[in-house]
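In: Sharing a sequence plus its predicted fold:
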Amino acid sequence: MGRVTARACGGKAPFVHEHLHRRGGQTRARLLCALGLFLILAACSGDAEGGQAPVIAAAGDIACDTDPEPQADCRHKATSNLLVGGDYEAVLALGDIQYDNGSRRNFKSSYDPTWGRLKRITHPVPGNHDYRTKRARGYFDYFGSAAGRAKKGYYSYEIAGWHLIGLNSEISHGPKSEQLSWLRRDLASSRAKCTLAYWHRPRFSSGEHGSDESMGPFWHELYDAAADVVLSGHDHDYERFGPQDPNGDADHERGIRSFVVGTGGESLRPFGETQPNSEVRNSSTYGVLTLTLHASGYEWEFVPAGPAEFRDSGHGDCH
């Protein structure tokens, strides 16, 4: 089906062309032509194997503290309800998954009954609140092998030809760190056309915490490897940035598009100074970001929890 897609979608369909111009046997020709057109349409509308493109969902800053009682404005159940029962290939939890600290008790009482319903397909990364327990033990105990190796928490995997990388912003990630060396090797070994990375603290943000320059080494390695999308949380808002290079300069040829999605349910906070290349911002709507992963591009949509009017959607191509 991959070869059919390459030929037919490029505008050349010799199989159909031949039978459209045959003389005699018109009924057979029409049947063959109809079959050929069906295969072409399926190949052009589908992906690598002509199937439906997978959809993933992401958000961070999720589950509220339930001690001594749940917050009145907590929305982590509402955001999880957006996902439960949906046809999602994976859920990316973008750190600060459990407030106020990621103890095992808090995970069981708050996260587990809500977003925990999606645990089987969740690929998490930790945040600073998850590390408020020693070495993020509650986080690693709760997610087990899905969180990567204990004390490290970074890993990679494939979805439909995409290479996805979960990184840990809460441990050493400088130029000489073990994590950055691992990332460099991981990117060098990948043959995927499309790459998405995610971690908790955003390199670029107009939110309360703002841009974290210490995440620069991640961005440099990803940019050099022609990565396409970066997701983060930490700031409790939604923000979309246009493609940019490691210095924050607009780069529509090789730049990485990034999203801050700290809208998982715990709370929302106002923006600070707007950063260059910020295209869309909202700090009043809880929700999740969904990404449809095509063979050579992606579609995004911010889906609000409840009747909120704010939405954001678009599409991009892989490098």
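Out: Perfect, thanks for sending it.
In: what's the burial count for residue 302?
Out: By the other C-beta atoms under 10 Å criterion, the neighbourhood of residue 302 contains 23 residues. (Each C-beta comes from the backbone N, C-alpha and C, glycine too.)
In: Helices along the stretch 151-300 of the chain, start to end?
Out: Assigned by DSSP state H, counting those that start in this stretch, the helices in the stretch 151-300 of the chain fall at 178-189, 216-224.
In: Output the contacting helices and strands for the first one.
Out: With contacts defined as 3 or more C-beta pairs under 8 Å, 6 or more residues apart in numbering; DSSP states H and E, the packing partners of helix 178-189 are strand 162-166, helix 216-224.
In: just the shortest one next, same as before
Out: Contact partners of helix 216-224 among helices and strands, from 3+ C-beta pairs under 8 Å, 6+ apart: helix 178-189, strand 194-198, strand 256-261.
In: Which of those sits closest to residue 110?
Out: Shortest distance between residue 110 and these, using C-beta to C-beta, is found for strand 256-261: 19.3 Å.
In: Tell me which strands that closest one pairs with, and in which orientation.
Out: strand 229-232 (parallel), strand 238-244 (antiparallel) (DSSP bridges).
In: most tightly surrounded among the helices of the stretch 151-300 of the chain?
Out: Ranked by mean neighbour count under mean count of other C-beta atoms under 10 Å, the helices of the stretch 151-300 of the chain are led by helix 216-224, which reaches a mean of 20.
In: Let me know the angle separating it from helix 178-189.
Out: Angular relation of helix 216-224 and helix 178-189 on a 0 to 180 degree scale: 0 degrees, by axes from the mean of the first three to the mean of the last three C-alpha atoms, to 10 degrees.
In: between helix 216-224 and strand 194-198, how big is the angle?
Out: Calculated by the same axes, to 10 degrees, helix 216-224 forms an angle of 170 degrees with strand 194-198.
In: In CSV, list the helices of the stretch 151-300 of the chain along with distance to residue 273.
Out: As requested, the helices of the stretch 151-300 of the chain are arranged in CSV below (distance: least, C-beta to C-beta, whole Å):
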stretch, distance to residue 273
helix 178-189, 28
helix 216-224, 19
